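Q: Structure of the sequence below:
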Amino acid sequence: MPVSEKQVIGVLGGMGPHAGVDLVDKIIAQTDASTDQEHVPVALLSYPERLVDRSTFLFGEIDTNPAYALADILRRLDDAGAVVAGMPCNTAHAPAIFDTIVQETARTGHEVQLLHMIEETVQFMQATMPHIQTVGTLSTQAVYELKLHRTPLEDAGFSVVTPDPVMRELVNTTIFDASFGLKAQSHPATPQAKQNLLDAIQHLIDRGADAVVLGCTELPLAPLAADMDLVPLIDPAEILARALINAVHPNHLKPLPPRLATFQTA
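A: Next comes the predicted model:
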């Protein structure tokens, strides 16, 4: 049956711009609907020109905290009817940014709830993949250095493996290189970017990973699942999409995708 337009899901985009669109696409894909009217209402705001690089702030290269611009955009989503929102950027979930967004939003009396993508991912893995012991993570250098995935995964009881320095640099280049990287060319991803990521995933499997978290929202933009089915590939944006739907429209949440459900009792 049709859903209420008052229960809007907000998407705080622009980091990078295609990652926000990808989250909206995943919300649609994870919604159980057979007509236009049964799909959940979604509002995407993407103002990349307002958002300074998250890493440069976190490592003290600039003083401007992008949280204040993000909080302003989140308030606009609240004004548009959003009651829950997601932010498809792993680095922006560092406490210095995420916590400030939440505080600034509450300070002005706005009540939209910003879900924490990394926490949702860890909780999902705990609840649905009890057999997983060792998790490999792929991300930017900044996310590794800040331990944004390692700390919550280890706190949840998982062992964590990361690439060696050479492979870390390859993944970072695959994200940021202007000639073939995912920031520059993500729709579609270049063959070189895809092959680099497949090599990185195999590298983590060789290091003992039972599952691999694609811990940068650009990484899932390269189609990988069909070529790498030895272990579950965990897409935090997909998990966030499901959490957003479940928060306000649980009756419209599809069952787990087969490629994840297959690994529940493996």
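Q: buried set for stretch 93-104?
A: For stretch 93-104, the buried set under the neighbour-count rule, 16 or more other CB atoms under 10 Å, comprises 93-94, 97-98, 100-102, 104. (Each C-beta comes from the backbone N, C-alpha and C, glycine too.)
Q: Can you list the neighbours in contact with that stretch?
A: With contacts defined as CB atoms under 8 Å, 6 or more residues apart in numbering, stretch 93-104 is touched by 54, 57-58, 65-68, 70-71, 74, 87, 91-92, 114, 116-118, 146, 148.
Q: again, only using 10 Å
A: 12, 54-55, 57-58, 65-75, 85, 87, 89, 91-92, 110, 112-114, 116-119, 142-143, 146-149, 152, 236 (CB atoms under 10 Å, 6 or more residues apart in numbering).
Q: Please check those residues and keep the buried ones.
A: 12, 54-55, 57-58, 65-67, 69-75, 85, 87, 89, 91-92, 110, 112-114, 116-118, 142-143, 146, 148-149, 152, 236.
Q: Could you pick out which of these are located in strands?
A: Those of these mapping onto strands are 12, 85, 113-114, per DSSP state E.
Q: ok so, going back, out of the buried ones among the contacts of stretch 93-104, list just those in helices.
A: Using DSSP state H, the subset of these located in helices is 54-55, 57-58, 67, 69-75, 117-118, 142-143, 146, 152, 236.
Q: just the CA coordinates of stretch 178-191, formatted as PDB?
A: The C-alpha trace of stretch 178-191 is given here as PDB (Å, rounded to 0.1, in the frame of the first residue of the first chain):
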ATOM      1  CA  ALA A 178      42.400  11.300 -12.000                       C
ATOM      2  CA  SER A 179      42.900   9.100 -15.000                       C
ATOM      3  CA  PHE A 180      41.200   5.900 -14.000                       C
ATOM      4  CA  GLY A 181      40.100   6.200 -10.400                       C
ATOM      5  CA  LEU A 182      36.600   5.800  -9.000                       C
ATOM      6  CA  LYS A 183      36.300   9.500  -8.000                       C
ATOM      7  CA  ALA A 184      36.900  10.500 -11.600                       C
ATOM      8  CA  GLN A 185      35.200   7.600 -13.400                       C
ATOM      9  CA  SER A 186      32.700   5.700 -11.400                       C
ATOM     10  CA  HIS A 187      29.800   5.200 -13.900                       C
ATOM     11  CA  PRO A 188      31.000   2.900 -15.200                       C
ATOM     12  CA  ALA A 189      34.200   2.100 -13.300                       C
ATOM     13  CA  THR A 190      37.200   1.600 -15.500                       C
ATOM     14  CA  PRO A 191      38.500  -2.000 -16.100                       C
END
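Q: Quick check: buried residues in that stretch?
A: Here stretch 178-191 shows 180-183, 185-186, 189-190 as buried, counting by 16+ other CB under 10 Å.
Q: In terms of helix, strand or coil, where does residue 171 fall?
A: State at residue 171, reduced to three classes by DSSP: H, G, I helix; E, B strand; the rest coil: helix.
Q: Could you report the neighbour count for it?
A: 26 (other CB atoms under 10 Å).
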